[in-house]
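*Asks:* quick one: sequence and predicted model below, then my questions.
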Amino acid sequence: MKLNRLIIRTLTIIFILNIFIGSAFQVNARETEVNIIELKSGFDNLNTSYDDNETLRILESRAVVLDPHEAIYSSPNLVLSNISEGLVTYDVNKRIVGGVAESYSLSRDRLTYTFYLRKNAKWNDGTPVTAHDFVYSWQRLSQTGTYRDYLLGTAQIKNYEAILEGTASKEDLGVKALDDHTLVVELEQPVSYLLSLMTLPSFAPIREDMVIAANGNYGKNFDYLAYNGPYMVKSWYSYDHFLLTKNPHYWGNQHIDIENIKVITSEPDGYESFLNNEIDVAEILYEQSINASKYGLTATKTNNGSIFYLNFNQKDALLKNSNARKAIVYGLDSSYIPQIKQSWISANYYIPSSFFKDSNGFDFRRPHNEFLLYNKDLALEYWNTAKSQLGIQSYTMELLTFDSNLSQAIAEYIKEELEQNLPGLTVKIVPVTFTEKLDLQSRGKYSSSFSGWGMDYNDPLAYLEVYTSTSVNNDVNYSSSFYDTLIKLASSSSILSEDIRLRLLKMAEKELLLKDAVIKPLYETGDYYLVKDNVKNLIHDYGINQSIKFVIIE
């Protein structure tokens with residue numbers, strides 16, 4: 001039986017490769033001369049008024065570090081998305097529009113992008129933003145060894161992997177400045193999502209002289225920061241807020257409607273502050289959204305593309321056994337958890353709903369296929385098999401979780417469910433801070449973990465690539481050559497039809513969940529917001545780019 005399954009899986013890979021090669025041949029046969037693609041500004045059709053000196057008031061925790069190569073929290077991303085700008089960004093309709101780049105061309109083999117930069121793109125002191133600033137930034141990113149440098153690999157930037165392995169230097173990275181306003185980016189293989197990745201703050205330019213002047217404290221010493229985005233830091237050190245104000249040298253400054261962004265950091269109650277007219281937008285609870293209707297207010301509900309799940313470290317003595325993992329995923333009824341917060345929805349899948357569509361406009365989750373549905377009897381069968389294979393009658397599994405009250409409440413529910421349904425299993429909850437949790441997981445010092453993931457770029461690969469055997473974020477130590485093959489082929493999507501590519505990604509999700517039980521999805525998050533009626537284009541429902549440059553106050 002095992003041999004038959006191996007033969008079938010091998011033939012499946014061969015079939016996929018035939019599709020891949022055939023599709024590549026067809027596309028190459030149709031290629032024509034390369035044209036320069038103009039990028040729109042995104043400012044068209046915005047009903048703005050530029051002379052009313054408006055201030056947008058929002059709540060957010062204070063950012064400690066404003067280094068785009070190190071930022072991993074939401075607060076620095078909010079600031080960085082507004083004080084810095086990369087080659088491209090998203091407009092209010094989620095379309096890619098020009099940032100520093102005003103156009104680009106793509107080589108016929110789809111491996112070389114040439115970006116043509118705006119000659120009026122400037123830093124906040126009026127000096128020009130050049131292609132050399134991008135080269136310096138990306139080369140620096142390749143050397144940081146931080147949470148963000150893996151994005152260069154995701155983008156398939158030429159020689160990034162060789163740099164990691166020590167067989168190439170940062171100067172070999174596939175990014176070159178032909179002159180001050182022409183940037184060439186070379187890839188290892190074609191990727192369809194490159195422009196989406198380029199919207200992230202990590203790919204923005206950085207001034208080398210400021211990094212040198214900061215003497216190891218870039219992003220921490222605010223006297224040595226240069227801004228090329230629509231806003232700049234006006235004041236930072238006030239105890240209860242900081243202020244961003246329009247960058248007078250920004251190339252699109254004349255189109256920016258909001259003069260100031262006041263970020264309140266004293267953590268007042270958002271709902272009460274909104275009712276008291278102290279802020280212009282508030283994230284609220286479901287119960288508050290119901291109560292708001294009494295005041296004639298209508299809350300906006302959004303999905304944000306984040307999935308929370310249980311991670312299983314496959315180096316753990318118990319969790320290295322696939323039957324043990326399957327016992328846990330089938331033995332946990334997660335349907336209760338989303339009831340804790342009404343904006344959450346149960347998710348027996350990994351790729352979130354309502355974000356990715358095929359050529360016919362159908363959602364990735366259509367049909368709404370789900371995996372690992374609660375089945376107590378099946379869980380017990382897997383559990384007994386696992387105990388027999390491992391020669392154990394009992395086991396204590398640590399569950400790493402965040403130290404917040406909400407996370408610990410979820411962990412307590414998971415503990416109760418698993419201990420009740422899997423006799424002999426004891427779950428020990430280990431609550432730690434966010435930073436400690438990242439560190440423990442990155443070093444593999446855990447058994448299971450309550451974790452979450454959201455998209456860095458607008459593609460299912462933003463989720464699925466995490467579990468490839470070479471991913472720096474694969475802290476569960478999962479390795480499958482079949483899974484890697486599926487992801488590699490799907491990553492070469494520029495020469496595959498989108499429908500075939502989505503089929504590959506669906507196969508990968510099924511492999512990850514149903515066959516190998518690498519994680520146990522729990523819920524998909526969402527939020528409720530109250531926004532002032534005269535504030536438009538503010539709410540973003542995916543990704544980490546939180547640019548406010550297209551927001552207007554009527």
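*Replies:* Structure's in. What do you need?
*Asks:* in stretch 272-286, what's buried?
*Replies:* Residues 273-275, 279-286 are the ones in stretch 272-286 that count as buried (16 or more other Cβ atoms under 10 Å). Glycine gets a C-beta too; all of them are placed from N, C-alpha and C.
*Asks:* and the furthest pair within these?
*Replies:* D280 and Y286 (21.0 Å; Cβ to Cβ).
*Asks:* run through this protein and note the low-pLDDT ranges.
*Replies:* 1-34, 47-51, 72-75, 145-147, 237-239, 267-268, 342, 368, 492-496, 540-545 (pLDDT under 70).
*Asks:* one more pass at 50, please.
*Replies:* Residues of the chain meeting the criterion pLDDT under 50: 1-33.
*Asks:* quick one: contacts of stretch 451-459?
*Replies:* 94, 151, 154, 192-193, 196-197, 199-200, 304-311, 355-356, 441, 462-463, 466, 525, 542-544 (Cβ atoms under 8 Å, 6 or more residues apart in numbering).
*Asks:* can I get the CA coordinates of stretch 127-136 in PDB?
*Replies:* Taking C-alpha atoms only, stretch 127-136 is exported to PDB below (Å, rounded to 0.1, in the frame of the first residue of the first chain):
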ATOM      1  CA  THR A 127      17.500  65.700  -1.600                       C
ATOM      2  CA  PRO A 128      16.500  63.400  -4.400                       C
ATOM      3  CA  VAL A 129      15.500  59.800  -3.800                       C
ATOM      4  CA  THR A 130      17.700  57.700  -6.200                       C
ATOM      5  CA  ALA A 131      17.900  54.100  -7.300                       C
ATOM      6  CA  HIS A 132      21.100  53.800  -5.200                       C
ATOM      7  CA  ASP A 133      19.000  54.300  -2.100                       C
ATOM      8  CA  PHE A 134      17.000  51.200  -3.000                       C
ATOM      9  CA  VAL A 135      20.100  49.200  -3.800                       C
ATOM     10  CA  TYR A 136      21.600  50.100  -0.400                       C
END
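*Asks:* what are the contacting residues of that stretch?
*Replies:* Contacts for stretch 127-136 (Cβ under 8 Å, 6+ apart): 87, 100, 115, 117-119, 121-123, 175-183, 203, 205-208, 228.
*Asks:* what's the burial count for I539?
*Replies:* 16 (other Cβ atoms under 10 Å).
*Asks:* which secondary structure element contains it?
*Replies:* Using DSSP states H and E, I539 sits in no helix or strand.
*Asks:* how long is stretch 150-165 end to end?
*Replies:* Taking Cα to Cα, to the nearest Å, stretch 150-165 runs 13 Å from one end to the other.
*Asks:* I figured R365 was touching Y349, is that so?
*Replies:* Yes: at 6.5 Å, R365 counts as touching Y349 under the criterion of Cβ atoms under 8 Å.
*Asks:* re earlier: so which of the contacts of stretch 451-459 are in strands?
*Replies:* Counted as lying in strands by DSSP state E, out of the contacts of stretch 451-459, are 304-311, 525.
*Asks:* of those residues, closest to E436?
*Replies:* The closest of the ones in strands among the contacts of stretch 451-459 to E436 turns out to be N311 (Cβ to Cβ; 15.4 Å).
*Asks:* excluding sequence neighbours, find me the nearest residue to the closest one.
*Replies:* Of all residues not flanking N311 in the chain, S449 sits nearest, at 4.2 Å (Cβ to Cβ, 6 or more residues apart in numbering).
*Asks:* quick check: that neighbour vs K437, distance?
*Replies:* Computed as Cβ to Cβ, to the nearest Å, the S449 to K437 distance reads 7 Å.
*Asks:* do the same with E381
*Replies:* Look at E381 and K437: by Cβ to Cβ, they are 33 Å apart.
*Asks:* looking at those two, which is more packed in?
*Replies:* More neighbours surround K437 than the other of E381 and K437, with 21 against 14 (other Cβ under 10 Å).
*Asks:* so A168 is in contact with K158, correct?
*Replies:* No: look at A168 against K158 with Cβ under 8 Å: they stay out of range, at 9.5 Å.
*Asks:* neighbour count for these two, which is higher?
*Replies:* Between A168 and K158, counted using other Cβ under 10 Å, K158 has the larger neighbour count: 21 against 16.
*Asks:* return the residues in contact with the closest residue to the more buried one other than its chain neighbours.
*Replies:* Spatial nearest neighbour of K158, excluding adjacent residues (Cβ to Cβ, 6+ apart): G174 at 2.8 Å. By Cβ under 8 Å, 6+ apart, the contact set of G174 is 157-160, 185-188.
*Asks:* reformat the residues you listed as a markdown table; add secondary structure and distance to L80.
*Replies:* A markdown table is the format used below for these (DSSP: H, G, I helix; E, B strand; the rest coil; distance: Cβ to Cβ, whole Å):
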| residue | secondary structure | distance to L80 |
| --- | --- | --- |
| I157 | strand | 20 |
| K158 | coil | 26 |
| N159 | coil | 26 |
| Y160 | helix | 22 |
| V185 | strand | 21 |
| E186 | strand | 26 |
| L187 | strand | 25 |
| E188 | coil | 27 |
